[in-house]
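Participant: Predicted model and sequence follow; I will ask about them next.
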Amino acid sequence: GGALVANVLRNGSVLLQWGLRHWGPPRPPAALRGFALNCSWDGTYTRFPCDSVELGAACRDYLLPEAHGSVRYRLCLRPRYAPPRPAPPAQCVEFRVEPAAMRDIVVAMTAVGGSICVMLVFICLLVAYITENLMSPALAR
């Protein structure tokens, strides 16, 4: 509906921005008490720190510092008005942050480096075993 926009930044953070003009009929500014931000995500083992965030009435943007790549996010923002005014429906936005290429390279290099270290440990253990068990009887004769 245009009231809530998610700007995905290159560093993996997301800047949410909104205005009030898309939330139905105009209301007195004094009646606005703030905003409620709720998040949900589609991902395995993902923790996202914005469940039921309360924002002030003057707030028109919010920065999510670390969004996880390849996870589908749904953020909903609802203005909160003083009683007896009913709360208008929440505006929602869905997005997915693409994983940073450099992060993928670092993960791959770490995995390859770890595999090489494990192989070197096995080679050293094998050399030690051969040296201890096969060479020692030859020297004893």
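Facilitator: Thanks, I have the structure now. Residues are numbered from 1 along each chain as shown.

Participant: Helices of this structure, start to end?
Facilitator: 101-130, 136-140 (DSSP state H).

Participant: would JSON lines of those helices with distance to E54, mean neighbour count and mean pLDDT be doable?
Facilitator: No exception for glycine: its C-beta is placed from N, CA and C like everyone else's. Converted to JSON lines, these look like this (distance: least, C-beta to C-beta, whole Å; neighbours: other C-beta atoms under 10 Å; pLDDT from 0 to 100):
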{"stretch": "helix 101-130", "distance to E54": "32", "mean neighbour count": "10", "mean pLDDT": "84"}
{"stretch": "helix 136-140", "distance to E54": "73", "mean neighbour count": "7", "mean pLDDT": "54"}
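
Participant: export those helices to CSV and tack on distance to Y81?
Facilitator: As requested, these are arranged in CSV below (distance: least, C-beta to C-beta, whole Å):
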stretch, distance to Y81
helix 101-130, 42
helix 136-140, 86
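
Participant: Quick check: which of these is nearest to A3?
Facilitator: Nearest to A3 among those is helix 101-130; the distance by C-beta to C-beta comes to 31.9 Å.
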